[in-house]
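[1] here is a sequence together with a model predicted from it:
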Amino acid sequence: MENKGNLKKKQSLGWVVAGLLLGIFISAMDQTIVSTAMGTIVADLGGLDQFVWVTSAYLVAEMAGMPIFGKLSDMYGRKRFFIFGLSAFLLGSILCGTATSITQLSIYRAIQGIGGGSLMPIAFAIVFDVYPMEKRGKMSGMFGGVFGLSSVFGPLLGAYITDHLSWHWVFYINVPLGIIALFLISAFYHESKQHKKQSIDWFGAATLVLSTVSLMFAIELGGNKYAWSSAVIIGLFVSFAIFFILFFVAEVKAAEPIISFSMFKNRLFASSNLVGMVYGVPFMIAVVFIPIYIQGVFGGTAVNAGLMLLPMMLGVTVASMTGGFLAQKISYRSIMLIHSMILILGLLLSTTISVHTSFNLVLLYMVIIGYGVGASFSVLGMAAIHGFKQSQYGAASSTMAFLRELGMTVGITIYGAIQSHLFKNQLNDIFAGLQTNGLMDHLTNPRAMLAPELRKNKYQNRSSIS
């Protein structure tokens, strides 16, 4: 009878993990899936001057909600907030598919983001709740692999769906997957009912949301819709600074803070968060800019260029799973040192890429970068939670996810600004003495950052990737 009970429990945990993985997959994928469909969406709905809000609304709502939902799951239980987040995400997905204007779509994306903000951090916390120490590495590796896979898979799937179905299905695709995840978690996840009721830090939550919203909009709109020196962007940064100071004061005084700064006294937690903020930047840069390079040099469609990210997916997935497995045998620091050296090697090799670099060599560099980044998705998540009580898992996991997302967003924005600036200077040199102001305004768009030498390479006549 005891063996039968253990078998039943093991099967239940398997279904719970499947539900959590589906939730993570659709949440992470929605950060990037819209990017390749945006041209079609704008052509259908209009609002060319407002399309940036479609992406910004999701990211802002997701990031603002992460620490809050993580803390609430510690206080009142993980299951109810995971189900709430998944339900909000599905509602937002359905509404997005029915949008008739860019403004509507942006509002519905914010609803999606609110739900998405609860899924990733709570899923990691649930894994630590239900699995013993010796199995957490394997499970964290699997979760980290799915996160990395879905982040890269999003643009490719978005392009394919837009080309062969319609942009509405970029959002509707979440519904069947989300319903399955909702059923699995509702039916098979049975958590402990012992939760310590605590007072909610409403002022801390409000100032965190306002500071995050101000910072994210400043980053998203700066250099795009408004100049960095404009009153709007400066005002947003000032707003961020004021509300962050108020948030810091509130958290120091609160009995049960949303983000406990005392947690950063734990050196492993503090260093994991710091590394996580920096580590995701090269991953996002590679995801965004390598397909642009491949399409510009070797030709082909956006879907073909997206397919070239598959080698990086493989590297990310393998490294995430092996990193989680190794975390049970060697220290977190040793794993991250090894993989950081691999990542640095991949980045150094990528700096040698030119229009004459062979296609296979570019793919090899992508595999190296993917493998170097992949372990961070599992190992850093485990390290951030390690050493805390079960009642703090949600807060620790959500803080890690929040800071990682913030690092990625800030990093890709800074890199894009630098790349755009360098591109503009090079074009000025090339077109010196010519009356090309109109052309320059078009070419120096931050979203069209191809190196100028791509225009004169010997591959430019290729129509597809062979």
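    Nice, thanks for sending it over.

[2] identify the residues contacting Ala254.
    Shown in contact with Ala254 (Cβ atoms under 8 Å, 6 or more residues apart in numbering): Asp201, Phe203, Gly204. Using the backbone N, CA and C atoms, a C-beta is placed for each residue, glycine as well.

[3] check what pLDDT Ile344 gets.
    Ile344 carries a pLDDT value of 88.

[4] so, low pLDDT: which residues of the stretch 101-250 of the chain?
    Applying pLDDT under 70 to the stretch 101-250 of the chain picks out residues 133-138, 140, 148, 151-152, 192-199, 224.

[5] ranges for the strands of it?
    Taking DSSP state E, counting those that start in this stretch, the stretch 101-250 of the chain contains no strands at all.

[6] helices of that one, start to end?
    102-130, 133-164, 169-172, 174-188, 202-221, 231-253 (DSSP state H, counting those that start in this stretch).

[7] just those: most buried one?
    helix 102-130 (a mean of 25; mean count of other Cβ atoms under 10 Å).

[8] hang on, the earlier thing: can I get the helices of the stretch 101-250 of the chain in a markdown table with distance to Val316?
    Listed next are the helices of the stretch 101-250 of the chain as a markdown table, based on distance: least, Cβ to Cβ, whole Å:
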| stretch | distance to Val316 |
| --- | --- |
| helix 102-130 | 16 |
| helix 133-164 | 4 |
| helix 169-172 | 22 |
| helix 174-188 | 20 |
| helix 202-221 | 25 |
| helix 231-253 | 31 |
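
[9] so which of those helices is nearest Ile385?
    helix 102-130 (5.5 Å; Cβ to Cβ).

[10] so which of the helices of the stretch 101-250 of the chain comes closest to Ser262?
    Per Cβ to Cβ, nearest to Ser262 of the helices of the stretch 101-250 of the chain: helix 231-253, 9.2 Å.

[11] gap between the closest one and the chain center?
    24 Å (Cα atoms, centre = their mean, to the nearest Å).

[12] list the residues that contact the closest residue to Phe244 other than its chain neighbours.
    Take Phe244 and drop its neighbours on the chain: the residue closest to it by Cβ to Cβ, 6 or more residues apart in numbering is Ser211, 4.2 Å away. Residues in contact with Ser211 (Cβ under 8 Å, 6+ apart) are Ser239, Phe240, Phe243, Phe244, Leu246, Phe247.

[13] could you redo those as JSON lines and give each row distance to Ser150?
    Below are those laid out as JSON lines (distance: Cβ to Cβ, whole Å):
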{"residue": "Ser239", "distance to Ser150": "32"}
{"residue": "Phe240", "distance to Ser150": "29"}
{"residue": "Phe243", "distance to Ser150": "31"}
{"residue": "Phe244", "distance to Ser150": "30"}
{"residue": "Leu246", "distance to Ser150": "35"}
{"residue": "Phe247", "distance to Ser150": "30"}
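
[14] in this structure Gly189 contacts Ala18, no?
    In this structure residue 189 is Tyr, not Gly. No - with contact defined as Cβ atoms under 8 Å, Tyr189 does not count as touching Ala18 (10.9 Å).

[15] neighbour count for these two, which is higher?
    Tyr189 (21 against 15; other Cβ atoms under 10 Å).

[16] residue contacts, that one?
    Ser12, Val16, Gly19, Lys79, Ile126.

[17] just give me the least confident of those residues.
    Across the contacts of Tyr189, the bottom pLDDT score, 74, is held by Ser12.

[18] Gly323 reaches Gly381, doesn't it?
    No - between Gly323 and Gly381 there is no contact under Cβ under 8 Å: 10.2 Å.

[19] who has more neighbours, the two?
    Shown here are Gly323 and Gly381; by other Cβ under 10 Å, Gly381 has more neighbours (32 against 28).

[20] okay, the more buried one: pLDDT?
    77.

[21] ok, now Tyr332?
    Value for Tyr332, per-residue pLDDT: 83.

[22] give me the number of residues near it?
    Neighbours around Tyr332, by other Cβ under 10 Å: 21.

[23] excluding chain neighbours, what is closest to it?
    Nearest to Tyr332 is Ala383, by Cβ to Cβ, 6+ apart, at 4.3 Å.

[24] pull out the buried residues from whichever strand or helix holds that neighbour.
    Using DSSP states H and E, Ala383 maps to helix 359-385. Residues 362-363, 365-385 are the ones in helix 359-385 that count as buried (16 or more other Cβ atoms under 10 Å).

[25] again, but for stretch 315-322
    For stretch 315-322, by 16+ other Cβ under 10 Å, it's Gly315, Val316, Thr317, Val318, Ala319, Ser320, Met321, Thr322.

[26] Val379 is in contact with the fifth one, correct?
    Pointing back at Ala319 there. No - counting by Cβ under 8 Å, Ala319 stays clear of Val379, with 9.4 Å between them.

[27] export the buried residues of stretch 315-322 to CSV and tack on pLDDT?
    Output for these, formatted as CSV (pLDDT from 0 to 100):
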residue, pLDDT
Gly315, 81
Val316, 79
Thr317, 78
Val318, 81
Ala319, 83
Ser320, 80
Met321, 78
Thr322, 81
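
[28] can you put the residues you listed in TSV and add distance to Asp163?
    As requested, those are exported to TSV (distance: Cβ to Cβ, whole Å):
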residue	distance to Asp163
Gly315	27
Val316	25
Thr317	25
Val318	29
Ala319	31
Ser320	30
Met321	32
Thr322	35
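
[29] I'm done for today, thanks for sticking with me.
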